[in-house]
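In: I would like the atomic coordinates for the input below:
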Amino acid sequence: MSASETTGAVAPSGAKGALEPIEPTAAQRSQARRVAEAKATIPDFGVSVAFDLRDVDLAAVVAAVGRALREHASVNGAYVDAKFQHYTRANVGVVLDGAVPVVVDADGKDADAIAGELASATEQIAAGTLPGAAQSGSTFTVARVIGVTSWTPIIQPGHAAALAIADGALTLSADARIVTPREAAAFLARVAAQLH
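Out: Below you'll find the model as predicted:
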């Protein structure tokens, strides 16, 4: 029996070497489908504002986003079935370790309350006990990548926008069918103003 037969790897095929197929988890398959759907169906644009976020707590950003969503209805909505939808609640999904727990009614919570929710969600994610219900009902998504100046988020289907938090910038990806560049810039300015 050859080594490739015992390890499951395919024998070397040219310059790339051996190929080892890896089966994605159910969560990875679901995320792959959602990303492909989003990139294929949402005509997006990006707007960034330079901002030193290295010492800004994620919970403070989520609280600021929640309040800004209340003031910017087009950003807290979606374009679905050729209609605009504006959500009455500001439920912020926060990307953490491959899961997206939702801070329900983030506009009515302070950073300390949100930090507690995120800490609890992080523990549940590590233990594999975060319930699916804790990841549903978001109207907007934020994600943070540490160690980069900026990056561009992908809008989740059913959302009008998503916010990327990096060390040196806030970047909003917005659905051009419902959010104008002026609205996107005003939303970012409102978030940034609350973080000063």
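
In: A60 belongs to a helix?
Out: Yes. Applying DSSP: H, G, I helix; E, B strand; the rest coil, one finds A60 inside a helix.

In: Tell me the pLDDT of the closest residue in space to it that isn't next to it in sequence.
Out: If you skip the residues right next to it in sequence, A60 has A111 as its closest partner in space, 4.4 Å away by Cβ to Cβ, 6 or more residues apart in numbering. Every C-beta, even on glycine, is put in place using the N, C-alpha and C of the backbone. With respect to pLDDT, A111 scores 97.

In: hang on, isn't A111 packed against A59?
Out: Yes. Under the criterion of Cβ atoms under 8 Å, A111 lies in contact with A59, with a separation of 4.4 Å.

In: and these two? which has more neighbours close in?
Out: Counted by other Cβ atoms under 10 Å, A111 and A59 do not tie: A59 has more neighbours, with 22 against 16.

In: on that earlier part again, contact partners for the residue nearest to A60?
Out: With contact set as Cβ atoms under 8 Å, 6 or more residues apart in numbering, A111 has these partners: 57, 59-60, 62-63.

In: which intervals of this protein have sub-threshold pLDDT?
Out: Residues of the chain that meet the criterion pLDDT under 70 lie in 1-14.

In: show me where it has helices.
Out: If DSSP state H is used as the criterion, the helices of the chain fall at 3-7, 26-41, 58-71, 111-127, 181-195.

In: I'd like those laid out as JSON lines, including distance to T149.
Out: Conversion of these to JSON lines gives the following (distance: least, Cβ to Cβ, whole Å):
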{"stretch": "helix 3-7", "distance to T149": "40"}
{"stretch": "helix 26-41", "distance to T149": "23"}
{"stretch": "helix 58-71", "distance to T149": "16"}
{"stretch": "helix 111-127", "distance to T149": "24"}
{"stretch": "helix 181-195", "distance to T149": "16"}
